[in-house]
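Visitor: What follows is a protein structure lacking sequence information:
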């Protein structure tokens, strides 16, 4: 291995210390600050670790974690929590504090900016009473936090005397020989001043105020940044280049195949089950998130293949066929078309949208099965199953419902509880019931095949840690995968007593089919194989292909454990997931989506509202549940449409284009940039680079904020310069109006490119109005003058329409499950029940659902959670931690009210009363 470093780079401290402490065989090579070591990155990224297989790690925390893992020092859950906290919380405050102290000489302000983070570490150390952060011995968490804090805390004035636990810990780690050697290598005995040359060449970090936990993207308006003269000069120089040196968009030629010496990105979206219509939560959790990333990758000129399709085998299809009086194949044909139409309307840019009921699926699934069998990774065992004597058949998981043995949820399926998320066996259900005839099934024996997960565990764990270190796994995906490993893997049944499925190619099991969760992920491979005969260039090419899986968190166990074990056991050089992107859940208003109860907006209904698909895309991506569950709200949709789209983004782009048409006969005017214009270019360039970095990390929601920040800067720029007034003034005023208009319309063109992944139709509309050259549709780190002086633009028209409150209330009622049934629909309005009588009826119905045993259990959980909240507040924990605990408490209280048979009261409206 080779570790590339830069003298005076504070980020190098931790990685050098990790090398020394772990005794890793690693060549240290110092290079210049601007040297581009990673060939596929457009800018320098140091420190960087080149692995023996040619891959690169350029996240400092990932490098440290990788080195510790190589030495068998597996990170604990607490260690991982500290690493996440350092990367997301500490670094934000630390980068600003370091810049203030070293470059600006504002030592007191720097100490103040770091005070809360230091206090948090101090409190955590005191609470655990351990010498180190996560254990009695030093771990990677100690090295990472020490390396981050050392440049400032090595000066005693930055470490308040009352933080005794933090001081003791810091001195303890400083005394470690590996850390002393790292300081000597990077700082060369010069202390803080050794960092100044390096920091002066970096962009000034943005200082943002701390805000309470929220489901919305951080911030709204970007904070004013201190731009360096170098940044401003570089932005002006880039602008002057125009499109002359601009890379050309890479044409998409099908079939898309990976190319040598290029970045090849394979994107999959979790296969939607064919037996239902997807709701907004399904759409944002999988296909829409994957589509944004796929469109972004194409704009980066990366070779990109995006595949998906309907998952069509299994019990759920048989159940739906029984309900609708159709054959399973007819159900699949019907709902595959429904899904395809919905995704087409939402603008999902699949390279191929297939299905799993194909010959290719059978061939590839049976091949993987045979390879597992030949390598002794399958077991046979007799399984106790539920059999319905009335129906004369063994009942597959989804033909059984009952009470969950873990949380007592009364509508748990025979394979998984939708409430607590635990996987269960149908025989473990309390009070099981056949879904077909509603009879009580009996337990009978049946022979089945199992995937020997314990036998594959060692190679799974090694692959999993390597993938998590080198790839981009969301925190929830990491946690879920590690919890499965921690709990111990057990053999997993891969066959079922069904007719609708892929037949098991063994005479002894000819009456069985594969369990859908064995063959469903193989659908990614077979769908690609139906797209191109050269599918193995994608799926058996881990050296050249980066695989991204998009899904909701409930699919993580199968994509991180079960399916990888199948591919590892097959030993056929399969491409395994490098980046597992999982969302939390999207709720609807104050509850869950329910097709049967008419609650929530489903994919086939969105079009009926008349709201354009791009508005739905924007709002779902704006509230994307990245770190915690979020909720769709009609009122919030109105607010975001009217404020962010209409008044901010749309207003700026429309004004810029209208000024060109109205004042300059539709041609972009001459531009003579002054210092304010160049500063605006630098600000837009910084937001563009933030956008690129965030999307490369698949932080889709946060990247959207950068687009809105640019348009917000643009509106302020126009308002401050008032071109509509200057155009009537002197020659100098007219020249100034021309410059402002020209810069603004070019910013509008930049926004059209950045908007493509999020709002493709709006993006195309902007470019059509501006007559933007097709060559501009590539994303780089530079903001250039795309529309030069003299460029003719087209007719300009508004991009967005205002949403009205009465529209919103109408849709809220329509999709809120309040629709009357056929009997009540025929009643005249004059026959409606009085409010008091209706309320009494509701209360009576609620009382019928009372569950005293559940209520008692919930009351205890509410008490415990209340104590947790009080303890967190007493400890002055992070706001995000307290907020999550309070949210959980409120949800438990809501469940308690329902379990007691009461009607939940509507939440009181907050805010000031109008006078």
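Guide: Sure thing, it's come through. If you're wondering where the values come from, they're calculated on a predicted model, not measured in any experiment. Residues are numbered from 1 along each chain as shown.
Visitor: If you count neighbours, what's buried in the helix or strand containing residue 367?
Guide: In the assignment (DSSP states H and E), residue 367 maps to helix 359-374. Buried residues in helix 359-374, counted by 16 or more other CB atoms under 10 Å: 360-362, 364-366, 368-369, 371-372. C-betas here are computed from N, CA, C, even on glycine.
Visitor: what's the following helix or strand after it?
Guide: Using DSSP H and E, the next helix or strand after helix 359-374 towards the C-terminus is strand 378-388.
Visitor: Direction included, what does that following strand pair against?
Guide: Paired strands of strand 378-388, with direction, are strand 393-394 (antiparallel), strand 442-451 (antiparallel) (DSSP bridges).
Visitor: what's next to the first one, contact-wise?
Guide: Residues lying outside strand 393-394 but in contact with it, judged by CB atoms under 8 Å, 6 or more residues apart in numbering, are 385-387, 444, 446, 497.
Visitor: so residue 398 makes contact with residue 435?
Guide: Yes - with contact defined as CB atoms under 8 Å, residue 398 counts as touching residue 435 (7.4 Å).
Visitor: For the chain, name the helix or strand with the lowest mean pLDDT.
Guide: helix 822-825 (a mean of 36; mean pLDDT, DSSP states H and E).
Visitor: where does the stretch 401-550 of the chain dip in pLDDT?
Guide: Within the stretch 401-550 of the chain, no stretch has pLDDT under 70.
Visitor: residue boundaries of the helices in it?
Guide: Along the stretch 401-550 of the chain, the stretches classed as helices by DSSP state H, counting those that start in this stretch are 453-470, 475-487, 516-519, 523-531, 536-539.
Visitor: out of the contacts of strand 393-394, which are buried?
Guide: Burial by neighbour count, 16+ other CB under 10 Å: within the contacts of strand 393-394 this picks out 385-387, 497.
Visitor: follow-up on the earlier one: tell me which other helices or strands the helix holding residue 367 touches.
Guide: Secondary-structure packing of helix 359-374 (3 or more CB pairs under 8 Å, 6 or more residues apart in numbering; DSSP states H and E): helix 516-519, helix 523-531, helix 563-570.
Visitor: Stretch 801-817: which residues count as buried?
Guide: Buried-residue list, stretch 801-817, by 16+ other CB under 10 Å: 803, 808, 811, 815-816.
Visitor: Of these, which pair is most distant in space?
Guide: Using CB to CB, the pair of the buried residues of stretch 801-817 lying farthest apart is 803 and 816, separated by 17.2 Å.
Visitor: Listing request: residues of the chain with sub-threshold pLDDT.
Guide: For the chain, the ranges with pLDDT under 70 are 40-43, 160-161, 203-225, 818-854, 856, 864, 867-885, 897, 899-915.
Visitor: Determine the set of other helices and strands touching the longest helix seen in it.
Guide: For the chain, the helix that runs over the most residues, judged by DSSP state H, is helix 731-755. Using 3+ CB pairs under 8 Å, 6+ apart, the elements in contact with helix 731-755 are helix 651-664, helix 675-696, helix 700-721, helix 723-726, helix 760-770.
Visitor: out of those helices, nearest to residue 18?
Guide: Using CB to CB, the nearest of the helices and strands packed on helix 731-755 to residue 18 is helix 675-696, at 23.6 Å.
Visitor: Not counting that closest one itself, show me its contacts.
Guide: So helix 675-696 is contacted by 203, 222, 225, 227, 231-236, 238-239, 292-293, 296, 671, 673, 700, 702-703, 706-707, 709-710, 713-714, 717, 739-740, 743, 747, 750, 754, 757, 779, 781-783 (CB under 8 Å, 6+ apart).
Visitor: Tell me the gap between that helix and the middle of its chain.
Guide: The chain centroid and the centroid of helix 675-696 are separated by 23 Å under CA atoms, centre = their mean, to the nearest Å.
Visitor: ok and that helix relative to helix 700-721, angle-wise?
Guide: Relative orientation of helix 675-696 versus helix 700-721 (axes from the mean of the first three to the mean of the last three CA atoms, to 10 degrees): 170 degrees.
Visitor: Now do the buried residues in helix 675-696.
Guide: 677-692, 694-695.
Visitor: before we move on, what about stretch 443-452?
Guide: 448-452.
Visitor: Export those to a markdown table and append columns for distance to residue 168.
Guide: Shown next, in a markdown table, are the buried residues of stretch 443-452 (distance: CB to CB, whole Å):
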| residue | distance to residue 168 |
| --- | --- |
| 448 | 57 |
| 449 | 57 |
| 450 | 52 |
| 451 | 49 |
| 452 | 48 |
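Visitor: Neighbours of residue 270, how many?
Guide: Residue 270 has 25 neighbouring residues, counting by other CB atoms under 10 Å.
Visitor: If you drop the residues flanking it in sequence, what lies closest to it?
Guide: Spatial nearest neighbour of residue 270, chain neighbours left out: residue 551 (3.8 Å); criterion: CB to CB, 6 or more residues apart in numbering.
Visitor: Next: residue 421.
Guide: residue 554 (6.2 Å).
Visitor: my guess is that neighbour contacts residue 423, does it?
Guide: No - using CB under 8 Å, residue 554 and residue 423 do not qualify as a contacting pair, with a distance of 10.2 Å.
Visitor: Give me the common contacts of these two.
Guide: Joint contacts of residue 554 and residue 423 (CB under 8 Å, 6+ apart) are residue 416.
Visitor: So residue 282 sits against residue 272, correct?
Guide: Yes - assessed by CB under 8 Å, residue 282 is found in contact with residue 272 at 6.4 Å.
Visitor: Let's verify residue 320: helix, strand, or coil?
Guide: helix (DSSP: H, G, I helix; E, B strand; the rest coil).
Visitor: Distance of it relative to residue 329?
Guide: 12 Å (CB to CB, to the nearest Å).
Visitor: Of these two, which one has the most company?
Guide: Taking other CB under 10 Å, residue 320 and residue 329 do not tie; residue 320 has more neighbours (20 against 13).
Visitor: In contact with residue 356, which residues are there?
Guide: By CB under 8 Å, 6+ apart, the contact list for residue 356 reads 271, 309-313, 519-520, 523, 526-527.
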